[in-house]
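*Asks:* no sequence for this one, just the structure:
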């Protein structure tokens, strides 16, 4: 069965400093991996996705993530945090176990950005 | 149009009321989902429709009744809810699997439900 672990429930950074949100996954297949962002009282928006093409994936708003199969990781990074990046971030894994690609969400990481 | 539209945005209902949540998308997606999200938690999958047929029901109580009248619409009928059902209800849509890759989910902004 697929699973995903977001190692940090909260990450706090200063504006202008790098962001690292960590995600490890488990899957018996070649999974699809996603990062979504959720601002308060809003729906979720896709930041980026990995689907077996390039291992370094670039997303919106300057975010990127690197798929490392040997480490079963898909960490999200951004070189310089902006105040508007403060939100909840979810790592999601999806594989064909059971005959359908049902996404499994991580618990979420709350990104706090200080001025 | 890459939007998923949910109505109403807010709903307050008593435990004896009957109400419905509505979701609409015009992206041609043939998979549609209902999720329930409590504060500070990830979304929990409730139902999945694929080609207008219910394909997954995650053991949701019968007081929640989904309906997919056509490929663009998804409803969630609510009856005799409990206060613990208060949550943000999110609708999402996606392409059905293409070439062995999972499609991304497009989410609506949600309907915030309060059960008194």
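*Replies:* Received it, and whenever you're ready, just let me know what you need. Since the model is a prediction, treat every value here as computed from it, not as a measurement. Numbers count the residues shown, from 1 in each chain, chains lettered A, B, ... in the order given.
*Asks:* wait, doesn't residue A:96 sit right on residue A:103?
*Replies:* No - with contact defined as CB atoms under 8 Å, residue A:96 does not count as touching residue A:103 (12.0 Å). C-beta coordinates here come from the backbone N, C-alpha and C atoms, glycine included.
*Asks:* between those two, which is the more surrounded one?
*Replies:* Shown here are residue A:96 and residue A:103; by other CB atoms under 10 Å in any protein chain shown, residue A:103 has more neighbours (25 against 19).
*Asks:* closest to the centroid, which residue in chain B?
*Replies:* Nearest to the centroid of the C-alpha atoms of chain B, with distances taken as CA atoms, centre = their mean, sits residue B:34, at 2.6 Å.
*Asks:* how about stretch A:69-80, does it reach chain B?
*Replies:* No - judged by CB under 8 Å from any CB of the partner chain, stretch A:69-80 stays clear of chain B, getting no closer than 13.6 Å.
*Asks:* get me the contact residues on chain B for chain A.
*Replies:* Where chain B comes near chain A, counting by CB under 8 Å from any CB, the residues are B:4, B:40-43, B:45, B:48, B:50, B:55-56, B:88, B:90, B:92, B:97, B:100-110, B:112.
*Asks:* give me every residue that touches residue A:63.
*Replies:* With CB atoms under 8 Å, 6 or more residues apart in numbering or on different chains as the criterion, the residues that contact residue A:63 are A:35, A:47, A:48, A:76, A:77, A:78.
*Asks:* low-scoring stretches of chain A, by residue?
*Replies:* Under the criterion pLDDT under 70, the flagged ranges of chain A are A:98-99.
*Asks:* what bridges to the residue lying closest to residue A:45 once chain neighbours are set aside?
*Replies:* By the measure of CB to CB, 6 or more residues apart in numbering or on different chains, the closest residue to residue A:45 outside its immediate chain neighbours is residue A:37, 5.4 Å from it. Taking DSSP bridges as the rule, residue A:37 bridges to residue A:45, residue A:89.
*Asks:* can you map out the helices along chain B?
*Replies:* Using DSSP state H, no helices are found in chain B.
*Asks:* low pLDDT regions in it?
*Replies:* Residues of chain B that meet the criterion pLDDT under 70 lie in B:1-2, B:98-101.
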